[in-house]
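[1] 3D model of this:
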Amino acid sequence: MNGVTVIDHPLVQHKLTIMRRKETSTSSFRRLLREISTLLCYEVTRDLELTMQTIETPLQTMESPVLEGKKLVFASILRAGNGLLEGMLELVPAARVSHIGVYRDHVTLEPVEYYFKAPEDIAERLIIVVDPMLATGNSSIAAIDKLKERGAKNIRFLCLLAAPEGIKHFTDAHPDVPVYTASIDSHLNEKGYIMPGLGDAGDRMYGTK
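    Predicted coordinates for the structure are as follows:
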């Protein structure tokens with residue numbers, strides 16, 4: 001699919017399989033989500049721009065690469081997005097963090113916004129929006145709508161699982177935002193859940209169901 005990158009690294013796929021198993025415990029699910037998010041972060045940041053900086057090693061002066069420009073923003077769609085956020089911050093601890101509170105009404109499947117907080121200068125930064133599931137796409141679209149309203153221009157979306165229906169809805173709404181995912185699953189069921197999926201990521205991560 002245009003604009004979609006599937007991260008098929010063997011470690012990502014192995015950990016995802018364990019997460020899908022219904023017998024995987026809450027603590028194991030949370031640990032695996034943190035681990036897999038670090039691996040996903042490597043891929044979504046693979047093409048970041050570098051600049052050269054003069055440094056001194058214990059032996060000599062040299063020109064060495066460092067990240068160019070302002071620090072990244074990781075934008076977590078609450079609450080499940082925080083599971084991906086934790087592992088990504090371990091890899092990029094200096095990143096700024098935005099929280100976007102959007103939940104899906106289980107009757108209408110439409111997004112309901114209840115919280116938004118982001119750095120003031122997001123227009124000047126690369127923003128990586130994170131949410132484990134791209135199901136209907138409604139919540140993700142609403143979150144990115146809100147970021148664009150604040151001036152964001154350089155946005156990427158990272159998820160663990162995506163459904164074809166959600167990808168189409170998302171890319172129709174935001175064709176300029178590339179999607180990175182570990183798997184494109186088969187379809188959405190009548191309740192809007194990804195099939196075969198792994199259940200509700202937030203509930204499995206926090207043990208609330």
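[2] could I get the pLDDT score of the residue minimising distance to the centre of the chain?
    The centroid of the chain falls nearest to V130 when counting by CA atoms, centre = their mean (2.3 Å). Looking at V130, its pLDDT is 97.
[3] contact partners for it?
    S37, F74, A75, S76, I77, G81, L84, L85, M88, F157, L158, C159 (CB atoms under 8 Å, 6 or more residues apart in numbering). For every residue, glycine as well, the C-beta is placed using N, CA and C.
[4] could you report the distance from it to K209?
    As judged by CB to CB, to the nearest Å, V130 and K209 stand 21 Å apart.
[5] quick check: G192 touching T136?
    Yes: between G192 and T136 there is a contact under CB atoms under 8 Å: 5.2 Å.
[6] of these two, who's got more company?
    Using other CB atoms under 10 Å, the more surrounded residue of G192 and T136 is T136, with 21 against 16.
[7] report the secondary structure state of the more buried one.
    Assigned with DSSP: H, G, I helix; E, B strand; the rest coil, T136 falls in the coil class.
[8] ok, now the one 5 residues further on?
    Assigned with three-state DSSP, I141 falls in the helix class.
[9] list the contacts of the top helix by length along the chain.
    In the chain, assigned by DSSP state H, the helix with the most residues is helix 26-44. With contacts defined as CB under 8 Å, 6+ apart, helix 26-44 is touched by 5, 7, 9, 11-12, 15-16, 18-19, 24, 83-88, 90-92, 128, 130, 132, 156, 158, 160, 180, 182, 201, 204-207.
[10] before we move on, what about stretch 187-201?
    16, 19-20, 22, 33, 80, 83, 104, 106, 109, 132-133, 135-136, 160-166, 185-186, 204, 209.
[11] list buried residues within the residues you listed.
    When the contacts of stretch 187-201 are checked for burial by 16 or more other CB atoms under 10 Å, the buried set is 16, 19-20, 33, 80, 83, 104, 132-133, 135-136, 160-166, 185, 204.
[12] so which of the residues you listed are in strands?
    Judged by DSSP state E, those include R104, M133, L160, L161, A162 as members of strands.
[13] pretty sure the third one sits against P132.
    So that's L160. Yes: L160 is within contact range of P132, at 4.3 Å (criterion: CB under 8 Å).
[14] that's a helix at T5, yeah?
    No: remark: T5 does not belong to a helix; assigned using three-state DSSP, it is strand.
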